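> what would the 3D arrangement of this be:
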Amino acid sequence: MTDILYADLETFSETELKSAATHNYADNAEVMLFSYALNDAPVKTWDCTTGAPMPKDLANALYNPDVLLMFHNSAFDRTVLRRGNLHIKLPVERFRDSMVQAMVHGLPGALEKVGMICGLSDEEAKIKEGKQLVMLFCKLRPAKQKLRRATRETHPEEWARFITYAERDVDAMRSASRKLPMWNYRGTELALWHLDQRINDRGFACDVEFARKALSAAQTAQATLRDRVRDQTEGQVSSATKRDQLLKYILEEHGVTLPDLTSDTLKRRLEDPELPEAVRLLIAIRLEAGMASTSKYKALINAVSPDGRLRNTLQFAGAMRTSRWAGRVFQPQNMKRPDMAQEDIDLAIQAVKLDCLDLVETEPMRALANAVRGCIIAPPNRKLCIADLSNIEGRFLAWLAGESWKLKAFGDFDKGIGPDMYIAAYARAFNVPVAQVKKAMRQIGKVMELALGYEGGVGAFLTFAAVYQMDLDALSEAVWASASAEAIEKATGMYNWTVKKKRSTFGLTREVWIACEVLKALWREAHPAVVELWADAASAVRSAFRTPGVAYQAGPHIKVQRDGIWTRVRLPSGRVVCYLDVQVAEGGEISYMGINQYSRQWSRIKTYGGKLVENWTQAGARDVMADRMPHIENAGYEIVLSVHDELLTETPDTDDFSSDTLAAMMATNPAWAPGLPLAAAGFETTRYKKE
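Residues are numbered from 1 along each chain as shown. Below is the predicted model:
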């Protein structure tokens, strides 16, 4: 049996961790307490502040290559050990992480929440007053206070409790880790996490000069927008970001009621031809002022390391259920979808660097939001090779379901002998020859493909219309002009039933609602295998709930089995998607315990066939890219970032490395996915952009 050292550090630094990020914090960090326990031994603490040398049993465990090192959020502890006052560098392969162990199985990462879910006793759980003790000893005290730092000398009683708190954390971590499953934290997934840690340590190069000037330009633009709002409202609204003031003014002065000031709401109201011009102007100012460019530039500037690289921006398994990567610090996963031409974005970047953005852009905040990707650059004599898996979710969904006509359509397109999927989807749904599909029809096919794969209905069109800035009225006109009378009649019947039952029509006109319903019905008729997979998914989960220990098939590639309190969905890669405490109500409704995405609280979450399939498809798509990442690294393409289904790699600026080679590696089928049609495309650059 392998020995495990369970450990936790308590540290002090004058650098603020939240804004400066782990590496900058660690450079100024002092390890005060090093609490540890080898295997089942009692927890001990090395109080580094006493000047005592490291205990021999701790040193023996730390420097024994056969001992595994378990921390909670180990990226922090490993970085502090290496870069802080102790200067202890240990191979990443020796580390294990109870936070990651929880997250890869669909649980939250916070130790307190993990302990609660695992049912730890009061003796095993974290001490409740821990946060207060951390605030006391781990940070500088407020500037107005005479005593700027609390220590064991100034607060001896609290220090004793602080040691107890640190030791209890080790106990809680050890107990939780032993109760958590290991299905997704061993073998290739464990090796992938180690690769993820090396990628995070590597970070990516940043154009810090551009970021600083962009932040300054954003602050200037915000001040200009504030002045415009004050002038427009005669001082009644002090800033476009003042929500309540703006809503009140628009209602009282212009009689226009807005339910909120979200981007989607405001963009829809701008399409209203009856909207007063004064309100239209205020909404436009609000939309520009609300762009998040300032916060991203500020986060990068605060967190970038002295060597000009930004690190620790990826969280392994940050997306629950799917285990996709989530963004941290700079949040690279949610950069704005460009709504400007790349040449205009490039011009804006140059203008920012020359301090003249206002001379080339009438909407500076929009330009700055579009230019955020440009902060990521290649260092001298190197380049960025970037590639993106093409429509991986659509392809993986068709493969999971065994939708044979669609798999063939993807294959034909990749060979250059067939149309793209948006044209093929429209032609299939409307039963027309591919050659007759025009541009407007292709747009309809695009909406259908994006919105309907996971049992989405009319409401899904609203979401995708907002994201892709699609005109639903124009879409509706095209559908009414091309759909059959029978399709229109059926959709009209559904509309009448919806109104009669007083269900939401999402504020859509009758014509738009019916058009969306037509598209939904036609897409489902064209995708019988996908529709069957939705039903199979729900049925397999219900059956597994009723008969624990028995595996049930859902489509050709998925198996579902209940093991005690866990329901495990085995993906083609061998990884499992985990649902905790699945329940099936009398009427067949499925629910499980998880983090509610709106309240962010641990609670019971309802689900259904299409949502389950969405989880499994996105998880499988993640596994495709994850499978290729070690091969890409071994070929000399140093991964610096992943953004959804796109990989950014840094290479020497020579012909030996190319985006075509990277794309070919990404589009190589994993051994577990024969017949999955993969395609990827890429480009080379010295400054990141969206191709």
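> burial measure for residue 247, as a count.
By the other C-beta atoms under 10 Å criterion, the neighbourhood of residue 247 contains 17 residues. (C-beta placed from N, C-alpha, C; glycine too.)
> before we move on, what SS does it have?
helix (DSSP: H, G, I helix; E, B strand; the rest coil).
> my guess is it contacts residue 262, does it?
No. Look at residue 247 against residue 262 with C-beta atoms under 8 Å: they stay out of range, at 11.9 Å.
> so what pLDDT did residue 327 get?
Each residue has a pLDDT score; the one for residue 327 is 92.
> same question for residue 595.
For residue 595, the predicted pLDDT is 87.
> one more: residue 616?
98.
> any weak-confidence spans in the stretch 301-450 of the chain?
Nowhere does the stretch 301-450 of the chain drop to pLDDT under 70.
> show me where it has strands.
Using DSSP state E, counting those that start in this stretch, the strands found in the stretch 301-450 of the chain span residues 309-310, 314-315, 326-327, 376-377, 382-389.
> which outside residues touch the third one?
Yep, that's strand 326-327 we're talking about. With contact meaning C-beta atoms under 8 Å, 6 or more residues apart in numbering, strand 326-327 is reached by 313, 314, 315, 318, 319, 333, 334.
> likewise the fourth one?
Contacts to strand 376-377, defined as C-beta under 8 Å, 6+ apart, come from residues 204, 205, 206, 207, 332, 384, 641, 648, 686, 687, 688.
> from the chain's centroid, how far away is that strand?
Centroid separation between strand 376-377 and its chain, computed with C-alpha atoms, centre = their mean, to the nearest Å, is 20 Å.
> show me what counts as buried in the helix or strand of the chain with the lowest mean pLDDT.
Within the chain, no helix or strand scores below helix 263-270, which has a mean of 72 by mean pLDDT, DSSP states H and E. Of the residues in helix 263-270, those buried by neighbour count under the rule 16 or more other C-beta atoms under 10 Å are 266, 269.
> the inter-axis angle of the helix or strand following it versus helix 263-270?
Sequence-wise, the next helix or strand downstream of helix 263-270 (DSSP states H and E) is helix 277-289. Per axes from the mean of the first three to the mean of the last three C-alpha atoms, to 10 degrees, the angle that helix 277-289 makes with helix 263-270 is 150 degrees.
> figure out how far helix 277-289 is from the centre of its chain.
Taking mean C-alpha positions (C-alpha atoms, centre = their mean), helix 277-289 and its chain are 30 Å apart.
> got a list of contacts for that helix?
If you take C-beta under 8 Å, 6+ apart as the criterion, helix 277-289 is touched by 221-222, 225-226, 228-229, 232-233, 237, 239-241, 246, 249-250, 253-254, 256, 261, 263, 266-267, 269-270, 275, 363, 365-366.
> type out the ChimeraX command that picks the buried ones from those residues.
In ChimeraX, a selection of the buried entries from the contacts of helix 277-289 looks like this (16+ other C-beta under 10 Å):
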select :221,222,225,226,228,229,232,233,237,239,240,241,246,249,250,253,256,261,266,269,363,365,366
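> in helices, which of the contacts of helix 277-289 fall?
221-222, 225-226, 228-229, 232, 246, 249-250, 253-254, 263, 266-267, 269-270, 365-366 (DSSP state H).
> what are the phi and psi angles of residue 682?
phi -150, psi -180 (degrees, to the nearest 10).
> measure it to residue 648 for me?
10 Å (C-beta to C-beta, to the nearest Å).
> how about residue 44: what's its closest non-neighbour residue?
Among residues not flanking residue 44 along the chain, residue 36 sits closest, at 6.1 Å (C-beta to C-beta, 6 or more residues apart in numbering).
> assign that neighbour to helix, strand or coil.
Residue 36 is classified as strand under three-state DSSP.
> can you offset everything so residue one is 261?
Shifting the count to begin at 261 puts that one at residue 296.
> so who does it touch?
265, 266, 267, 268, 303, 304, 305, 306, 318, 321, 430 are the contacts of residue 296 under C-beta under 8 Å, 6+ apart.
> just grab the bridge partners of it for me.
When bridges are taken as DSSP bridges, the partners of residue 296 come out as residue 267, residue 304.
> and the gap between it and residue 266?
Residue 296 is 7 Å from residue 266, by C-beta to C-beta.
> could I get the full set of helices for the stretch 611-760 of the chain?
For the stretch 611-760 of the chain, the helices defined by DSSP state H, counting those that start in this stretch cover 617-620, 624-630, 652-661, 664-675, 681-690, 699-711, 718-727, 732-742, 745-760.
> now the ones you listed as CSV including distance to residue 867?
Shown next, in CSV, are the helices of the stretch 611-760 of the chain (distance: least, C-beta to C-beta, whole Å):
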stretch, distance to residue 867
helix 617-620, 46
helix 624-630, 34
helix 652-661, 17
helix 664-675, 25
helix 681-690, 26
helix 699-711, 19
helix 718-727, 16
helix 732-742, 28
helix 745-760, 23
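> between the ones you listed, which gets nearest to residue 371?
helix 652-661 (33.0 Å; C-beta to C-beta).
> which of the residues in that closest one are classified as buried?
Buried, per 16+ other C-beta under 10 Å, within helix 652-661: 652, 653, 654, 655, 656, 657, 658, 659, 660, 661.
> show me what contacts residue 689?
Residue 689 neighbours (C-beta under 8 Å, 6+ apart): 705, 708, 779, 782, 783, 785, 786.
> returning to what we had before: list just the nearest of the contacts of strand 586-587 to residue 455.
residue 574 (11.0 Å).
> apart from its neighbours in sequence, what residue is nearest that closest one?
residue 585 (5.0 Å).
> so where's the protein shaky on pLDDT?
For the chain, the ranges with pLDDT under 70 are 382-387, 524, 549-553, 726-727, 729.
> tell me, what's touching residue 296 and residue 266 both at once?
303, 430.
> related to what we said a few turns ago, now, which of the contacts of residue 296 sits nearest residue 333?
residue 268 (9.6 Å).
> so how far is stretch 334-341 off the chain centroid?
The answer for stretch 334-341 is 23 Å, by C-alpha atoms, centre = their mean.
> need the contact partners of that stretch.
Contacts of stretch 334-341 (C-beta under 8 Å, 6+ apart): 267-269, 271, 282-283, 285-286, 289, 291, 331, 346, 348-350, 352, 355-357, 359-360, 457, 460-461, 572.
> in helices, which of those residues fall?
282, 283, 285, 286, 359, 360, 457, 460, 461.
> ok, the third one touching residue 275?
If I follow you right, that is residue 285. Yes. Counting by C-beta under 8 Å, residue 285 does reach residue 275; the two are 4.9 Å apart.
> those two: which is more packed in?
Neighbour tally, residue 285 and residue 275, criterion other C-beta under 10 Å: the higher count belongs to residue 285, 23 against 15.
> please give me every residue in contact with the more buried one.
Contacts of residue 285 (C-beta under 8 Å, 6+ apart): 273, 275, 276, 277, 340.
> just the element for residue 866, please.
Counting by DSSP H and E, residue 866 is found in strand 862-867.
> go on, residue 854?
Residue-wise, residue 854 maps onto strand 850-855 under DSSP H and E.
> pull up the pairing partners for that strand, direction included.
Using DSSP bridges, the strands paired with strand 850-855 are strand 836-844 (antiparallel), strand 862-867 (antiparallel).
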